[in-house]
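In: Can you look at this prediction? I've put the sequence above it.
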Amino acid sequence: EALRRDREARTAAAAAAEAAARAAAEAAARAATETDRRAAQEAAFARLCAEAGFAGIAAFEAARLPPGEADALEERIAGFDQALATARAAEAEARRAAEGVAPPDLAALERAAEEAAAEQRAATAAAAALRQRLSDADRLLAAIAEAGRDLAAAREALELRQELAALVAGRNPQNLSLEGFVLRSLLDEALSAANRRLRAMLRGRYQLRRVEDPVRRGVGLDIEVLDEWNGGVRPPGTLSGGEGFCAALAMALGLADTVQAHAGARRIDALFVDEGFGTLDEEALDTAMEVLAGLGGGDRLVGVISHVAELRARIPARLEVTPGRRGSTATFRIG
């Protein structure tokens, strides 16, 4: 069985070898044919290269263009041919149109061209000058606009200052200056302080106040007296001697309080009252002395300058001045 299989395999191998030999022979024949055909083609291509002006196939290969470039050259050649045809047609048309036309005067045309160039240069210079003038005008307009804005701002500031100056000078519906307004305010403050003193002196009968006159406007520093007992209003000059002295003393003390309040709360350590006591009756004199005694509380010194003999018994410490032929003498007395 093994011998049989070997014989079959040898027979198949011999058949395959015979087939392979036939195929090799056929391939060799085809190769020879292809070699002959290629040699013929190379010879024909060499002739064509020689006819085209190439020294050989190698020269042709060196001159051959990359793929796609030949197509582009062909398109450029076709475009050139078309443009050439168009130009030739235009030339022919121009020749037909120029038939019978006299040649131009080139010298005259050159002179005209020179004149036109000179005119162009002059116009260019004039345009440059006009542009410079326009630029200068634009700068001037900008400066004028800026000056206008500055002028408007200055006018606005001037109007504000004029209004403020008119207000300070009293040119207003109230005819009241800033100084008058401040003085009225200070006077009201002094009257308020004076009334606190006056109520204690005259048992609250009189009150000092500033005259409010709606007709006569202005500073308005006049003072009137309000009688709290009957509601009447009277001028300060109608007060009796004692009442007038008390009112004047209260006003002086109120002014002192106001000055002290507006001077950084500084104390007024000494206060001197000159005369006026001779017009007081006994009761008013007692009241005035009580007020003066109340002012001397603390470290404040209150001095009374008077010729009234009744005050000697009321003032514990006195500096008596006695006139004489050789001059006045001063004696300090206590008790």
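Out: Okay, I see it.
In: SS state for Gly327?
Out: Secondary structure for Gly327, judged by DSSP: H, G, I helix; E, B strand; the rest coil, is coil.
In: What's the local residue count around it?
Out: 6 (other Cβ atoms under 10 Å). In this view, the C-beta of every residue, glycine as well, is placed from N, C-alpha and C.
In: Could you check how far it is from Leu160?
Out: 65 Å (Cβ to Cβ, to the nearest Å).
In: likewise Leu106?
Out: In terms of Cβ to Cβ, Leu106 sits 79 Å off from Leu160.
In: before we move on, what about Gly294?
Out: Distance from Gly294 to Leu160, by Cβ to Cβ: 51 Å.
In: do Arg95 as well
Out: 88 Å.
In: ditto for Gly278
Out: For Gly278, the distance to Leu160 - Cβ to Cβ - is 57 Å.
In: Please identify which of the two sits among more neighbours.
Out: Using other Cβ under 10 Å as the criterion, Gly278 and Leu160 rank with Gly278 on top: 13 against 10.
In: so the more buried one sits right up against Leu311, yeah?
Out: No. Contact criterion Cβ atoms under 8 Å: Gly278 and Leu311 do not qualify, at 9.7 Å.
In: Can you give me the neighbour number for Leu73?
Out: Here the count is done by other Cβ under 10 Å, and Leu73 has 11 residues near it.
In: now swap in Met251 and tell me
Out: Number of residues near Met251 (other Cβ under 10 Å) recorded here: 21.
In: how near is it to Ala284?
Out: From Met251 over to Ala284 (counting by Cβ to Cβ), the distance is 16 Å.
In: Then Leu151?
Out: 69 Å.
In: So these two - more neighbours on which side?
Out: Neighbour tally, Leu151 and Ala284, criterion other Cβ under 10 Å: the higher count belongs to Ala284, 19 against 12.
In: and that one, what does it touch?
Out: Gly242, Glu243, Phe245, Cys246 (Cβ atoms under 8 Å, 6 or more residues apart in numbering).
In: And the furthest pair within those residues?
Out: Glu243 and Phe245 (7.3 Å; Cβ to Cβ).
In: Distance from the chain centre to stretch 146-165, please.
Out: Between the centre of stretch 146-165 and the centre of its chain there are 19 Å (Cα atoms, centre = their mean, to the nearest Å).
In: and if you look at stretch 305-318?
Out: In terms of Cα atoms, centre = their mean, the centre of stretch 305-318 is set 73 Å apart from its chain centre.
In: That one spans what distance, first to last residue?
Out: By Cα to Cα, to the nearest Å, the extent of stretch 305-318 from end to end equals 10 Å.
In: Could you give the average pLDDT over it?
Out: When pLDDT is averaged over stretch 305-318, the result is 80.
In: i'd like the first residue to be 42 from this point on
Out: Yes, from this point I'll number from 42; that puts the last item at stretch 346-359.
In: buried residues in it?
Out: Within stretch 346-359, the residues scored as buried using 16 or more other Cβ atoms under 10 Å are Leu352, Arg355, Ile356, Arg359.
In: Having no further points to raise, I will conclude here.
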